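Undergrad: Predicted coordinates and the sequence they were generated for:
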Amino acid sequence: MKYKIAVIKGDGIGPEIVDEAIKVLKKMGEKYNHNFEFTEVLAGGIAIDKTGKNLPEETLQVCKESDAVILGAVGGPKWDSLPGNERPEKALLALRKELNLYSNIRPAVMFDILKDTCPLKPEIVEGGMDIVIVRELTGGIYFGKKFTEGNYACDCMEYSKYEIERIAHQAFKIAQSRNKHVTSVDKANVLETSRLWRKTVEEVAKDYPDVKLNHLYVDNAAMQLVVNPKQFDVIVTENMFGDILSDEASMITGSIGLLPSASLGDNNFGMYEPIHGSAPDIAGQGKANPIATILSISMMLKYTFGLQSESDCIENAVKKTLSDGHRTADIARKGEKIITTVEMGNIIVESI
Ligand code: NAI
Ligand code: MG
């Protein structure tokens, strides 16, 4: 079977970390006899420099013809003075919208070995934490009607039933492959959209009798994440609540250089990227941690291609590499030996 993958390296550390992720994927192809086919296309600042556009038509076309997209990161000070619509970051929003990527999936997994980077008390995260946040990405207040009139401004939170249904199905399916528990987060005591949300999620839940469902108001969910994060398996929520809660959950686990994400549309199509940006401060110095991008590849294998054991293989290789004490600068403690981006990639490949 052939898997078609569009590759957008982007700006700053983007090319460095994506190169390591591709190396890992090629190794997986050898080991498991899969045919991964890569097509490199441009987006972001480098696309502006080479074509005058942050998202050239060809890039969009290649992405649409692929099974999945790998993205490094876009943006940097060089393009900061451009108007909003022409900036590199706008290419990302356009990609998400054009590819109808309505579901953003962010695992927040604590690697036991790195638990001293966790800002919570050790007893709260003892034994590890493993949560997946499923955030609705193309609806809600960010995309609702908005206007300003003099000293008055308005943003509307809008949801249609079908938008809630499709994200809820996504969350329940993910829960079925994990610990079979979905927590739906809303503000149904106050918001009409949340009442529709809760009712719809309950209807969808009937298709997944093996999955346990509970509901939390968003203010309580924010609190529970720091008081007792181990109670969660899959959290599903609307766009803005998910934006805030996913950042909160990620940071409980420590370094930004470790955290992957997926944005999924229909038919398992997905764009996979680390949650961090282009890190211009360390670009070109071999300091970037490639693990977030490598774990994004692991998500791609699982969610788009349905290759669960291959996905696990990458995760295990990363865990082993960390347990063996290999550290890029962002996760090294004082006095620990620091390795480069390429060295980290090589060690993970060897471990596979
Ligand atoms: P950033 O995530 O690029 O960097 C924040 C800090 O984390 C920096 O100190 C950086 O060196 C460090 N860092 C990030 N990734 C790392 C890695 N893999 N290994 C080690 N250290 C890492 O966020 P910042 O500085 O706010 O944004 C820089 C540029 O990236 C901006 O132009 C921004 O708009 C863009 N950006 C792009 C995103 C994307 O393409 N998805 C997401 C966030 C920001
Ligand atoms: Mg955010």
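TA: That came in fine, so what should we check first? Ligands and ions are numbered 1, 2, ... in the order given.
Undergrad: Please work out which residue of the stretch 1-150 of the chain is closest to ligand 1.
TA: Across the stretch 1-150 of the chain, the shortest distance to ligand 1 (C-beta to the nearest ligand atom) belongs to Gly75, at 2.7 Å. For every residue, glycine as well, the C-beta is placed using N, CA and C.
Undergrad: Skipping adjacent residues, who's closest to that residue in space?
TA: Spatial nearest neighbour of Gly75, chain neighbours left out: Pro88 (4.4 Å); criterion: C-beta to C-beta, 6 or more residues apart in numbering.
Undergrad: That neighbour: what's it in contact with?
TA: By C-beta atoms under 8 Å, 6 or more residues apart in numbering, Pro88 lies in contact with 10-11, 43-45, 47-48, 54, 74-76, 79.
Undergrad: and if you look at Glu58?
TA: By C-beta under 8 Å, 6+ apart, the contact list for Glu58 reads Val41.
Undergrad: and if you look at Ile352?
TA: Residues near Ile352 by C-beta under 8 Å, 6+ apart: 24, 27-28, 31, 313-314, 317.
Undergrad: same check, this time on Ala262
TA: Residues near Ala262 by C-beta under 8 Å, 6+ apart: 104-106, 270-272, 296, 299-300, 303.
Undergrad: likewise Gly29?
TA: Gly29 is in contact with 35-36, counting by C-beta under 8 Å, 6+ apart.
Undergrad: Report how many residues lie close to Glu136.
TA: Counted with other C-beta atoms under 10 Å, residues neighbouring Glu136 total 26.
Undergrad: For it, give the beta-bridge partners.
TA: With DSSP bridges as the criterion, Glu136 is bridged to Ser103.
Undergrad: Go ahead and confirm it touches Gly242.
TA: Yes: between Glu136 and Gly242 a contact is recorded at 6.4 Å, counting by C-beta atoms under 8 Å.
Undergrad: Name the residues contacting each of the two.
TA: Residues touching both Glu136 and Gly242 by C-beta under 8 Å, 6+ apart: Asn104.
Undergrad: who touches Thr200 in this structure?
TA: By C-beta under 8 Å, 6+ apart, the neighbours of Thr200 are 161, 164-165, 168.
Undergrad: Turn those residues into CSV, including pLDDT.
TA: Converted to CSV, those look like this (pLDDT from 0 to 100):
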residue, pLDDT
Lys161, 98
Ile164, 98
Glu165, 98
Ala168, 98
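Undergrad: Least confident secondary structure element in the chain?
TA: Least confident element among the helices and strands of the chain, by mean pLDDT, DSSP states H and E: helix 122-125 (a mean of 85).
Undergrad: tell me how far it is from the chain's mean position?
TA: Here helix 122-125 is found 25 Å from its chain centre; the criterion is C-alpha atoms, centre = their mean, to the nearest Å.
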